[in-house]
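Asks: Build me a model:
(one chain, ligands or ions: 2)
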Amino acid sequence: MASAVDKLTLRGLTQCRGEVKLPGSKSIANRALLMAALCPQGQRTTLTNLLRSDDTQHMLGALRQLGVTVDENQADPTEVTVEGCGGRWMLSATELDLGNAGTAMRPLLAVLAATLQASQQITLTGNARMQERPIAALVESLQAQQGAIRYRNNAGYPPLQVESGLQAGRFVLDASASSQYVTALLMALPLLPGDSVLELKGEVVSWPYIRLTINMLRQFGIHIERLGKQSFMIRGEQKYQSPRSYWVEGDASAASYWLAAGLLGGGPLRIHGVGSKSLQGDIAFAEWLAKGGAKLEITDHYIDVLGGKWQGISGDFNAIPDAAMTFAPLALFARKATVIENVENWRIKETDRLEAMATELRKFGATVQLTRSSIRIEPPAKLQHAEVTTYDDHRMAMSFALLGFSASGVTICDPDCCAKTYPEFFSEFTRLCQ
Ligand SMILES: O=C(O)C1=C[C@@H](OP(=O)(O)O)[C@@H](O)[C@H](O)C1
Ligand SMILES: C=C(OP(=O)(O)O)C(=O)O
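Replies: Numbering: from 1, shown residues only. Ligands and ions are numbered 1, 2, ... in the order given. As a prediction, the model looks like this:
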(Lines give C-alpha, C1' and ligand atoms only; values in the text may rest on other atoms or scores of the structure.)
(Ligands and ions follow the chains in the order given, each with its own letter.)
Protein backbone atom coordinates (compact mmCIF):
# COMPACT_ATOMS: atom_id res chain seq x y z
CA MET A 1 0.00 0.00 0.00
CA ALA A 2 1.42 3.42 -0.97
CA SER A 3 1.92 5.89 1.84
CA ALA A 4 -0.69 8.63 2.19
CA VAL A 5 -0.11 11.85 0.25
CA ASP A 6 -1.81 15.17 0.99
CA LYS A 7 -1.79 16.48 -2.53
CA LEU A 8 -1.02 15.21 -6.00
CA THR A 9 -0.17 17.44 -8.95
CA LEU A 10 -0.76 16.22 -12.50
CA ARG A 11 -0.07 18.37 -15.54
CA GLY A 12 0.74 18.26 -19.23
CA LEU A 13 -0.23 14.60 -19.74
CA THR A 14 -0.59 13.65 -23.38
CA GLN A 15 -0.81 9.85 -23.38
CA CYS A 16 -2.90 7.16 -21.79
CA ARG A 17 -2.11 3.74 -23.15
CA GLY A 18 -1.68 0.14 -22.13
CA GLU A 19 -3.99 -2.19 -20.27
CA VAL A 20 -5.93 -1.77 -17.07
CA LYS A 21 -7.83 -4.37 -15.09
CA LEU A 22 -10.78 -2.86 -13.29
CA PRO A 23 -11.35 -3.64 -9.62
CA GLY A 24 -14.60 -5.48 -8.89
CA SER A 25 -17.77 -3.44 -8.90
CA LYS A 26 -18.65 -1.91 -5.54
CA SER A 27 -22.36 -2.30 -6.21
CA ILE A 28 -22.04 -5.96 -7.14
CA ALA A 29 -19.52 -6.75 -4.40
CA ASN A 30 -21.62 -5.49 -1.51
CA ARG A 31 -24.78 -7.10 -2.89
CA ALA A 32 -22.99 -10.41 -3.44
CA LEU A 33 -21.46 -10.42 0.06
CA LEU A 34 -24.84 -9.91 1.71
CA MET A 35 -26.67 -12.33 -0.59
CA ALA A 36 -24.01 -14.99 0.06
CA ALA A 37 -24.45 -14.46 3.82
CA LEU A 38 -28.22 -14.92 3.45
CA CYS A 39 -27.84 -18.33 1.81
CA PRO A 40 -28.80 -21.22 4.08
CA GLN A 41 -26.38 -22.57 6.64
CA GLY A 42 -23.90 -24.95 5.05
CA GLN A 43 -23.89 -23.18 1.68
CA ARG A 44 -20.57 -21.55 0.87
CA THR A 45 -20.04 -18.98 -1.87
CA THR A 46 -16.61 -18.12 -3.21
CA LEU A 47 -16.53 -14.59 -4.59
CA THR A 48 -13.76 -13.79 -7.04
CA ASN A 49 -12.53 -10.41 -8.29
CA LEU A 50 -14.08 -8.97 -5.13
CA LEU A 51 -13.40 -5.27 -4.66
CA ARG A 52 -11.27 -4.61 -1.57
CA SER A 53 -11.92 -1.02 -0.57
CA ASP A 54 -13.42 0.98 2.30
CA ASP A 55 -16.99 0.23 1.23
CA THR A 56 -16.49 -3.53 1.01
CA GLN A 57 -14.44 -3.56 4.24
CA HIS A 58 -17.45 -2.04 5.97
CA MET A 59 -19.76 -4.73 4.59
CA LEU A 60 -17.28 -7.51 5.43
CA GLY A 61 -16.74 -6.16 8.93
CA ALA A 62 -20.48 -5.89 9.53
CA LEU A 63 -21.10 -9.46 8.36
CA ARG A 64 -18.39 -10.77 10.66
CA GLN A 65 -19.91 -8.89 13.60
CA LEU A 66 -23.23 -10.50 12.70
CA GLY A 67 -21.55 -13.88 13.10
CA VAL A 68 -20.96 -14.72 9.43
CA THR A 69 -17.84 -16.75 8.68
CA VAL A 70 -15.75 -15.22 5.92
CA ASP A 71 -12.54 -16.90 4.75
CA GLU A 72 -10.08 -14.83 2.79
CA ASN A 73 -7.63 -16.35 0.36
CA GLN A 74 -4.33 -15.13 1.85
CA ALA A 75 -2.62 -15.28 -1.54
CA ASP A 76 -5.39 -13.34 -3.30
CA PRO A 77 -7.41 -10.83 -1.26
CA THR A 78 -9.96 -10.55 -4.09
CA GLU A 79 -11.08 -14.12 -3.40
CA VAL A 80 -13.30 -14.54 -0.39
CA THR A 81 -15.55 -17.42 0.72
CA VAL A 82 -18.71 -16.58 2.66
CA GLU A 83 -20.63 -19.15 4.68
CA GLY A 84 -24.36 -18.71 4.56
CA CYS A 85 -26.23 -18.26 7.84
CA GLY A 86 -29.75 -17.98 6.44
CA GLY A 87 -30.27 -14.73 8.33
CA ARG A 88 -29.78 -16.42 11.76
CA TRP A 89 -27.31 -13.90 13.11
CA MET A 90 -24.97 -14.43 16.07
CA LEU A 91 -24.36 -10.84 17.12
CA SER A 92 -20.98 -10.04 18.59
CA ALA A 93 -21.50 -6.26 18.64
CA THR A 94 -24.24 -3.83 19.56
CA GLU A 95 -23.30 -1.36 16.83
CA LEU A 96 -22.20 -1.74 13.21
CA ASP A 97 -20.12 1.09 11.76
CA LEU A 98 -20.79 1.22 8.02
CA GLY A 99 -18.62 4.24 7.25
CA ASN A 100 -20.10 6.04 4.27
CA ALA A 101 -21.18 2.93 2.38
CA GLY A 102 -24.73 3.43 1.15
CA THR A 103 -24.66 -0.08 -0.30
CA ALA A 104 -24.13 -1.42 3.23
CA MET A 105 -26.36 0.91 5.27
CA ARG A 106 -29.56 0.68 3.24
CA PRO A 107 -29.70 -3.08 2.46
CA LEU A 108 -28.49 -4.09 5.95
CA LEU A 109 -31.18 -1.97 7.58
CA ALA A 110 -34.01 -3.70 5.73
CA VAL A 111 -32.47 -7.18 5.90
CA LEU A 112 -31.90 -6.92 9.67
CA ALA A 113 -35.42 -5.57 10.20
CA ALA A 114 -36.67 -8.68 8.41
CA THR A 115 -34.42 -11.26 10.08
CA LEU A 116 -33.47 -10.27 13.64
CA GLN A 117 -34.79 -12.59 16.37
CA ALA A 118 -37.10 -11.26 19.10
CA SER A 119 -34.24 -10.93 21.58
CA GLN A 120 -31.86 -9.20 19.17
CA GLN A 121 -31.21 -5.50 18.71
CA ILE A 122 -28.50 -3.62 16.86
CA THR A 123 -27.56 -0.07 15.91
CA LEU A 124 -26.39 0.85 12.42
CA THR A 125 -24.18 3.88 12.25
CA GLY A 126 -21.71 5.49 9.88
CA ASN A 127 -19.29 8.37 9.52
CA ALA A 128 -20.26 12.04 9.85
CA ARG A 129 -21.42 12.27 6.24
CA MET A 130 -23.49 9.10 6.48
CA GLN A 131 -25.26 10.74 9.40
CA GLU A 132 -26.32 13.51 7.00
CA ARG A 133 -27.53 11.20 4.23
CA PRO A 134 -31.33 10.83 4.36
CA ILE A 135 -32.90 7.45 5.00
CA ALA A 136 -36.41 8.47 6.16
CA ALA A 137 -38.20 7.12 3.09
CA LEU A 138 -36.88 3.61 3.75
CA VAL A 139 -37.42 3.81 7.51
CA GLU A 140 -41.02 5.02 7.09
CA SER A 141 -41.80 2.24 4.64
CA LEU A 142 -40.46 -0.35 7.11
CA GLN A 143 -42.15 1.25 10.12
CA ALA A 144 -45.52 1.19 8.35
CA GLN A 145 -45.15 -2.62 8.35
CA GLN A 146 -44.18 -2.82 12.03
CA GLY A 147 -40.45 -2.54 11.37
CA ALA A 148 -39.01 -1.62 14.78
CA ILE A 149 -36.57 1.11 13.83
CA ARG A 150 -35.65 4.11 15.95
CA TYR A 151 -33.52 7.11 15.18
CA ARG A 152 -30.72 7.39 17.73
CA ASN A 153 -29.83 11.04 17.04
CA ASN A 154 -31.59 12.99 14.29
CA ALA A 155 -34.93 11.97 12.83
CA GLY A 156 -34.47 10.94 9.21
CA TYR A 157 -30.79 9.99 9.47
CA PRO A 158 -28.53 7.24 10.81
CA PRO A 159 -27.64 6.06 13.42
CA LEU A 160 -30.62 3.73 13.61
CA GLN A 161 -31.56 1.10 16.13
CA VAL A 162 -33.21 -2.00 14.63
CA GLU A 163 -35.20 -4.77 16.28
CA SER A 164 -37.40 -7.58 15.02
CA GLY A 165 -41.05 -7.11 14.14
CA LEU A 166 -41.30 -6.45 10.40
CA GLN A 167 -44.45 -7.93 8.83
CA ALA A 168 -45.05 -8.98 5.23
CA GLY A 169 -47.76 -7.07 3.38
CA ARG A 170 -48.06 -3.87 1.39
CA PHE A 171 -44.93 -1.73 1.33
CA VAL A 172 -45.16 1.77 -0.06
CA LEU A 173 -41.84 3.48 -0.71
CA ASP A 174 -40.89 6.93 -1.95
CA ALA A 175 -38.04 6.08 -4.36
CA SER A 176 -37.33 9.60 -5.60
CA ALA A 177 -34.15 10.13 -3.57
CA SER A 178 -32.34 6.81 -3.84
CA SER A 179 -32.78 3.46 -5.58
CA GLN A 180 -30.86 1.89 -2.70
CA TYR A 181 -34.06 1.99 -0.62
CA VAL A 182 -35.73 -0.16 -3.29
CA THR A 183 -32.75 -2.52 -3.42
CA ALA A 184 -32.95 -2.85 0.36
CA LEU A 185 -36.59 -3.96 0.32
CA LEU A 186 -36.11 -6.25 -2.68
CA MET A 187 -33.37 -8.07 -0.77
CA ALA A 188 -35.25 -8.24 2.53
CA LEU A 189 -38.90 -8.97 1.73
CA PRO A 190 -38.37 -12.46 0.23
CA LEU A 191 -37.18 -13.52 3.71
CA LEU A 192 -40.47 -12.66 5.45
CA PRO A 193 -42.96 -15.45 6.22
CA GLY A 194 -45.70 -13.97 3.97
CA ASP A 195 -46.02 -12.39 0.52
CA SER A 196 -45.50 -8.68 -0.01
CA VAL A 197 -46.31 -6.09 -2.61
CA LEU A 198 -43.88 -3.20 -3.06
CA GLU A 199 -45.25 0.00 -4.57
CA LEU A 200 -42.85 2.73 -5.52
CA LYS A 201 -43.95 6.35 -5.29
CA GLY A 202 -42.43 9.47 -6.84
CA GLU A 203 -40.11 9.60 -9.82
CA VAL A 204 -37.89 6.56 -9.30
CA VAL A 205 -34.18 7.43 -9.58
CA SER A 206 -31.18 5.35 -10.69
CA TRP A 207 -33.33 2.55 -12.20
CA PRO A 208 -30.46 0.46 -13.56
CA TYR A 209 -29.39 -0.28 -9.97
CA ILE A 210 -32.82 -1.75 -9.28
CA ARG A 211 -32.41 -3.91 -12.37
CA LEU A 212 -28.99 -4.95 -11.12
CA THR A 213 -30.51 -6.03 -7.79
CA ILE A 214 -33.26 -8.06 -9.46
CA ASN A 215 -30.74 -9.75 -11.78
CA MET A 216 -28.41 -10.59 -8.94
CA LEU A 217 -31.27 -11.86 -6.77
CA ARG A 218 -32.13 -14.23 -9.61
CA GLN A 219 -28.50 -15.43 -9.65
CA PHE A 220 -28.93 -16.17 -5.93
CA GLY A 221 -32.23 -18.01 -6.39
CA ILE A 222 -34.71 -15.24 -5.45
CA HIS A 223 -37.51 -14.24 -7.80
CA ILE A 224 -39.18 -10.87 -7.96
CA GLU A 225 -42.32 -10.42 -10.07
CA ARG A 226 -43.00 -7.11 -11.73
CA LEU A 227 -46.68 -6.17 -11.33
CA GLY A 228 -46.58 -2.77 -13.00
CA LYS A 229 -44.22 0.03 -13.91
CA GLN A 230 -43.55 0.83 -10.26
CA SER A 231 -44.81 -2.21 -8.38
CA PHE A 232 -43.51 -5.66 -7.52
CA MET A 233 -44.86 -8.87 -6.02
CA ILE A 234 -42.39 -10.48 -3.65
CA ARG A 235 -43.24 -13.96 -2.46
CA GLY A 236 -42.29 -14.68 1.13
CA GLU A 237 -40.34 -17.61 2.53
CA GLN A 238 -37.97 -17.67 -0.41
CA LYS A 239 -34.53 -19.12 0.16
CA TYR A 240 -31.36 -17.58 -1.18
CA GLN A 241 -29.40 -20.26 -3.03
CA SER A 242 -25.64 -20.09 -3.37
CA PRO A 243 -24.27 -20.11 -6.94
CA ARG A 244 -21.15 -21.58 -5.18
CA SER A 245 -18.78 -19.37 -7.09
CA TYR A 246 -19.49 -15.84 -8.20
CA TRP A 247 -17.26 -13.60 -10.31
CA VAL A 248 -17.67 -9.90 -9.54
CA GLU A 249 -17.65 -7.86 -12.74
CA GLY A 250 -15.22 -4.98 -13.06
CA ASP A 251 -16.56 -1.66 -11.80
CA ALA A 252 -18.33 0.16 -14.62
CA SER A 253 -18.38 3.47 -12.74
CA ALA A 254 -14.59 3.25 -12.31
CA ALA A 255 -14.30 2.42 -16.00
CA SER A 256 -15.58 5.93 -16.77
CA TYR A 257 -12.24 7.48 -15.64
CA TRP A 258 -10.26 5.19 -17.92
CA LEU A 259 -12.61 5.68 -20.85
CA ALA A 260 -12.24 9.43 -20.50
CA ALA A 261 -8.45 9.23 -19.97
CA GLY A 262 -8.09 7.00 -23.03
CA LEU A 263 -10.06 9.57 -25.02
CA LEU A 264 -7.91 12.51 -23.89
CA GLY A 265 -4.65 10.55 -23.98
CA GLY A 266 -5.19 9.00 -27.39
CA GLY A 267 -5.07 5.34 -26.36
CA PRO A 268 -4.83 2.61 -27.28
CA LEU A 269 -6.07 1.61 -23.83
CA ARG A 270 -7.67 -1.75 -23.12
CA ILE A 271 -10.00 -1.79 -20.12
CA HIS A 272 -10.57 -5.30 -18.80
CA GLY A 273 -13.51 -6.39 -16.65
CA VAL A 274 -16.61 -4.89 -18.25
CA GLY A 275 -18.15 -5.00 -21.68
CA SER A 276 -21.40 -5.09 -23.57
CA LYS A 277 -22.80 -7.89 -21.37
CA SER A 278 -22.33 -5.96 -18.13
CA LEU A 279 -25.08 -6.08 -15.50
CA GLN A 280 -24.21 -2.52 -14.52
CA GLY A 281 -26.12 0.46 -15.84
CA ASP A 282 -22.99 2.63 -15.76
CA ILE A 283 -21.76 0.80 -18.84
CA ALA A 284 -24.00 3.27 -20.72
CA PHE A 285 -21.33 5.90 -20.02
CA ALA A 286 -19.30 4.35 -22.83
CA GLU A 287 -22.10 4.93 -25.34
CA TRP A 288 -22.50 8.55 -24.23
CA LEU A 289 -18.75 9.04 -24.53
CA ALA A 290 -18.75 7.60 -28.05
CA LYS A 291 -21.62 9.93 -28.93
CA GLY A 292 -19.49 12.87 -27.78
CA GLY A 293 -16.49 11.90 -29.92
CA ALA A 294 -14.60 9.00 -28.31
CA LYS A 295 -13.42 6.12 -30.47
CA LEU A 296 -14.31 2.91 -28.67
CA GLU A 297 -14.55 -0.77 -29.41
CA ILE A 298 -16.80 -2.51 -26.92
CA THR A 299 -16.54 -6.29 -26.71
CA ASP A 300 -18.17 -8.72 -24.28
CA HIS A 301 -15.36 -8.57 -21.72
CA TYR A 302 -13.24 -5.52 -22.41
CA ILE A 303 -13.33 -2.09 -24.02
CA ASP A 304 -10.64 -0.56 -26.23
CA VAL A 305 -10.28 3.21 -26.25
CA LEU A 306 -8.57 4.65 -29.31
CA GLY A 307 -8.66 8.35 -28.56
CA GLY A 308 -11.07 10.65 -30.37
CA LYS A 309 -11.95 14.32 -30.40
CA TRP A 310 -14.12 15.47 -27.52
CA GLN A 311 -17.06 17.55 -28.63
CA GLY A 312 -18.89 17.57 -25.30
CA ILE A 313 -22.16 15.96 -24.31
CA SER A 314 -25.38 17.02 -22.65
CA GLY A 315 -28.27 14.91 -21.42
CA ASP A 316 -30.41 13.43 -18.70
CA PHE A 317 -28.04 11.29 -16.64
CA ASN A 318 -30.42 10.13 -13.93
CA ALA A 319 -29.76 6.50 -14.86
CA ILE A 320 -25.97 6.79 -14.36
CA PRO A 321 -25.44 9.28 -11.53
CA ASP A 322 -21.95 8.01 -10.57
CA ALA A 323 -20.36 7.77 -14.00
CA ALA A 324 -22.02 11.04 -15.05
CA MET A 325 -19.71 12.92 -12.67
CA THR A 326 -16.87 12.15 -15.08
CA PHE A 327 -18.53 14.33 -17.73
CA ALA A 328 -18.10 17.40 -15.49
CA PRO A 329 -14.26 17.74 -15.52
CA LEU A 330 -14.34 16.43 -19.09
CA ALA A 331 -16.53 19.43 -19.99
CA LEU A 332 -13.44 21.62 -19.67
CA PHE A 333 -11.95 19.92 -22.76
CA ALA A 334 -15.05 20.48 -24.92
CA ARG A 335 -15.78 23.24 -27.36
CA LYS A 336 -19.32 23.81 -26.21
CA ALA A 337 -21.21 23.84 -22.95
CA THR A 338 -22.02 20.57 -21.17
CA VAL A 339 -25.32 20.22 -19.32
CA ILE A 340 -25.76 17.35 -16.87
CA GLU A 341 -29.45 17.09 -16.06
CA ASN A 342 -31.72 15.29 -13.60
CA VAL A 343 -29.09 14.50 -10.99
CA GLU A 344 -30.65 16.13 -7.93
CA ASN A 345 -29.61 13.19 -5.80
CA TRP A 346 -25.96 14.16 -6.35
CA ARG A 347 -26.76 16.44 -3.41
CA ILE A 348 -27.14 13.57 -0.93
CA LYS A 349 -24.17 11.42 -1.87
CA GLU A 350 -20.58 11.57 -0.50
CA THR A 351 -20.93 15.34 -0.52
CA ASP A 352 -23.33 17.75 -2.22
CA ARG A 353 -21.81 16.88 -5.59
CA LEU A 354 -23.60 19.66 -7.48
CA GLU A 355 -22.20 22.37 -5.19
CA ALA A 356 -18.78 20.69 -5.00
CA MET A 357 -18.49 20.36 -8.79
CA ALA A 358 -19.54 23.97 -9.38
CA THR A 359 -17.07 25.32 -6.81
CA GLU A 360 -14.13 23.28 -8.10
CA LEU A 361 -14.78 23.74 -11.85
CA ARG A 362 -14.97 27.52 -11.40
CA LYS A 363 -11.40 27.46 -10.04
CA PHE A 364 -10.22 26.46 -13.55
CA GLY A 365 -12.01 29.45 -15.10
CA ALA A 366 -15.21 27.66 -16.16
CA THR A 367 -18.58 29.39 -16.13
CA VAL A 368 -20.92 27.16 -14.16
CA GLN A 369 -24.64 27.42 -13.54
CA LEU A 370 -26.55 25.25 -11.10
CA THR A 371 -30.20 24.45 -10.62
CA ARG A 372 -31.60 22.12 -7.94
CA SER A 373 -31.03 19.17 -10.26
CA SER A 374 -28.59 20.15 -13.02
CA ILE A 375 -25.23 21.69 -13.78
CA ARG A 376 -24.23 23.64 -16.90
CA ILE A 377 -20.51 23.96 -17.54
CA GLU A 378 -18.98 26.30 -20.08
CA PRO A 379 -15.25 25.85 -20.58
CA PRO A 380 -13.01 28.95 -20.42
CA ALA A 381 -11.00 30.08 -23.45
CA LYS A 382 -7.86 29.09 -21.52
CA LEU A 383 -7.74 26.73 -18.55
CA GLN A 384 -5.89 27.83 -15.44
CA HIS A 385 -4.25 25.61 -12.83
CA ALA A 386 -6.34 24.88 -9.76
CA GLU A 387 -6.08 23.08 -6.47
CA VAL A 388 -9.14 20.87 -6.13
CA THR A 389 -10.77 20.18 -2.78
CA THR A 390 -12.21 16.66 -2.83
CA TYR A 391 -14.67 16.70 0.13
CA ASP A 392 -13.81 13.09 1.08
CA ASP A 393 -15.53 12.11 -2.18
CA HIS A 394 -13.68 9.45 -4.17
CA ARG A 395 -15.39 10.50 -7.40
CA MET A 396 -14.34 14.13 -7.00
CA ALA A 397 -10.73 12.97 -6.70
CA MET A 398 -10.81 10.45 -9.54
CA SER A 399 -12.77 12.54 -12.05
CA PHE A 400 -10.54 15.60 -11.57
CA ALA A 401 -7.46 13.50 -12.43
CA LEU A 402 -8.55 14.14 -16.03
CA LEU A 403 -7.42 17.76 -15.67
CA GLY A 404 -3.88 16.34 -15.69
CA PHE A 405 -4.36 16.31 -19.48
CA SER A 406 -4.38 20.13 -19.55
CA ALA A 407 -1.18 22.15 -19.91
CA SER A 408 -1.84 24.07 -16.69
CA GLY A 409 -2.76 20.93 -14.75
CA VAL A 410 -4.45 20.19 -11.46
CA THR A 411 -3.51 19.64 -7.83
CA ILE A 412 -5.78 17.12 -6.13
CA CYS A 413 -6.10 17.37 -2.36
CA ASP A 414 -6.46 14.14 -0.37
CA PRO A 415 -6.29 11.82 -3.39
CA ASP A 416 -6.40 8.83 -1.03
CA CYS A 417 -10.12 9.36 -0.50
CA CYS A 418 -10.42 7.23 -3.66
CA ALA A 419 -10.06 4.27 -1.25
CA LYS A 420 -13.86 4.25 -0.85
CA THR A 421 -14.10 2.28 -4.08
CA TYR A 422 -10.70 2.22 -5.83
CA PRO A 423 -7.61 2.33 -3.58
CA GLU A 424 -5.17 1.74 -6.47
CA PHE A 425 -6.62 4.40 -8.74
CA PHE A 426 -3.84 7.00 -8.61
CA SER A 427 -0.99 4.51 -8.82
CA GLU A 428 -2.67 3.05 -11.89
CA PHE A 429 -3.29 6.54 -13.30
CA THR A 430 0.35 7.53 -12.99
CA ARG A 431 1.41 4.20 -14.50
CA LEU A 432 -0.79 4.55 -17.58
CA CYS A 433 -0.88 8.29 -18.21
CA GLN A 434 2.23 10.30 -19.18
O1 LIG B 1 -27.34 0.46 -5.59
C2 LIG B 1 -26.18 0.83 -5.79
O3 LIG B 1 -25.22 0.04 -5.81
C4 LIG B 1 -25.93 2.27 -6.01
C5 LIG B 1 -26.94 3.11 -6.37
C6 LIG B 1 -26.75 4.53 -6.66
O7 LIG B 1 -27.27 5.28 -5.59
P8 LIG B 1 -28.73 6.01 -5.65
O9 LIG B 1 -29.74 5.00 -5.93
O10 LIG B 1 -28.83 6.59 -4.28
O11 LIG B 1 -28.63 7.05 -6.74
C12 LIG B 1 -25.28 4.89 -6.83
O13 LIG B 1 -25.11 6.27 -6.80
C14 LIG B 1 -24.45 4.25 -5.74
O15 LIG B 1 -23.10 4.58 -5.86
C16 LIG B 1 -24.54 2.75 -5.84
C1 LIG C 1 -22.91 7.43 -4.22
C2 LIG C 1 -21.93 6.56 -4.05
O3 LIG C 1 -21.83 5.68 -3.00
P4 LIG C 1 -22.89 5.04 -2.01
O5 LIG C 1 -22.96 3.60 -2.36
O6 LIG C 1 -22.31 5.25 -0.64
O7 LIG C 1 -24.22 5.72 -2.17
C8 LIG C 1 -20.82 6.47 -5.03
O9 LIG C 1 -20.05 5.49 -4.97
O10 LIG C 1 -20.69 7.34 -5.89
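Asks: Not counting its neighbours along the chain, what's nearest the residue of the chain found nearest ligand 2?
Replies: Closest residue of the chain to ligand 2, C-beta to the nearest ligand atom: residue 102 (2.8 Å). Heads up, the C-betas are built off the backbone N, CA and C, glycines and all. Distances taken as C-beta to C-beta, 6 or more residues apart in numbering place residue 180 nearest to residue 102, at 5.3 Å, with adjacent residues excluded.
Asks: ok, that neighbour - contacts?
Replies: The contact partners of residue 180, by C-beta atoms under 8 Å, 6 or more residues apart in numbering, come to 102-103, 106-107, 206, 209.
Asks: same check, this time on residue 264
Replies: 13, 16, 310, 330, 333, 402, 405.
Asks: ok, the last one touching residue 15?
Replies: Spelled out, it's residue 405. No - assessed by C-beta atoms under 8 Å, residue 405 is found out of contact with residue 15, at 9.3 Å.
Asks: Could you tell me which residues touch both of these two?
Replies: Joint contacts of residue 405 and residue 15 (C-beta under 8 Å, 6+ apart) are 265, 433.
Asks: Let me see the confidence value for residue 4.
Replies: Listed pLDDT for residue 4 reads 74.
Asks: Ligand 2 contacts on the stretch 251-400 of the chain?
Replies: 322, 349-350, 395 (C-beta under 6 Å from any ligand atom).
Asks: Pipe those into JSON lines and attach pLDDT, neighbour count and secondary structure per row.
Replies: Formatted as JSON lines, those follow (pLDDT from 0 to 100; neighbours: other C-beta atoms under 10 Å; DSSP: H, G, I helix; E, B strand; the rest coil):
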{"residue": "322", "pLDDT": "98", "neighbour count": "27", "secondary structure": "helix"}
{"residue": "349", "pLDDT": "98", "neighbour count": "21", "secondary structure": "coil"}
{"residue": "350", "pLDDT": "98", "neighbour count": "21", "secondary structure": "coil"}
{"residue": "395", "pLDDT": "99", "neighbour count": "32", "secondary structure": "helix"}
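Asks: Now the two most distant members of these.
Replies: With C-beta to C-beta as the measure, no two of these lie farther apart than 322 and 350, at 10.1 Å.
Asks: shared neighbours, the two?
Replies: With contacts taken as C-beta under 8 Å, 6+ apart, the residues that reach both residue 322 and residue 350 are residue 395.
Asks: Which residues of the stretch 201-350 of the chain lie near ligand 1?
Replies: Residues of the stretch 201-350 of the chain lying near ligand 1 (C-beta under 6 Å from any ligand atom): 205-206, 209, 321-322, 345.
Asks: Closest one of those residues to residue 85?
Replies: The nearest member of those to residue 85, counting by C-beta to C-beta, is residue 209 at 25.5 Å.
Asks: Wait, a helix at that closest one?
Replies: Yes - assessed by DSSP: H, G, I helix; E, B strand; the rest coil, residue 209 belongs to a helix.
Asks: follow-up on the earlier one: could the contacts of residue 264 be laid out in CSV, adding pLDDT, distance to residue 414 and neighbour count?
Replies: Compiled in CSV, these are given as follows (pLDDT from 0 to 100; distance: C-beta to C-beta, whole Å; neighbours: other C-beta atoms under 10 Å):
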residue, pLDDT, distance to residue 414, neighbour count
13, 98, 20, 22
16, 98, 23, 26
310, 98, 27, 20
330, 98, 21, 29
333, 98, 24, 21
402, 98, 17, 26
405, 98, 21, 26
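Asks: Take those and keep only those in helices.
Replies: residue 330 (DSSP state H).
Asks: Restricted to strands, list the contacts of residue 264.
Replies: residue 16 (DSSP state E).
Asks: So which of the contacts of residue 264 is the closest to residue 229?
Replies: residue 330 (33.0 Å).
Asks: one step back: of the contacts of residue 264, closest to residue 258?
Replies: The shortest approach to residue 258 among these belongs to residue 16, at 7.7 Å (C-beta to C-beta).
Asks: OK, contacts around the residue nearest to that closest one when sequence neighbours are not counted?
Replies: Leaving aside its sequence neighbours, residue 16 sits nearest to residue 265 (C-beta to C-beta, 6+ apart; 2.7 Å). Contact partners of residue 265, counting by C-beta under 8 Å, 6+ apart, are 13-17, 307, 405, 433.
Asks: Tell me the pLDDT of residue 265.
Replies: 98.
Asks: and the gap between it and residue 30?
Replies: 31 Å (C-beta to C-beta, to the nearest Å).
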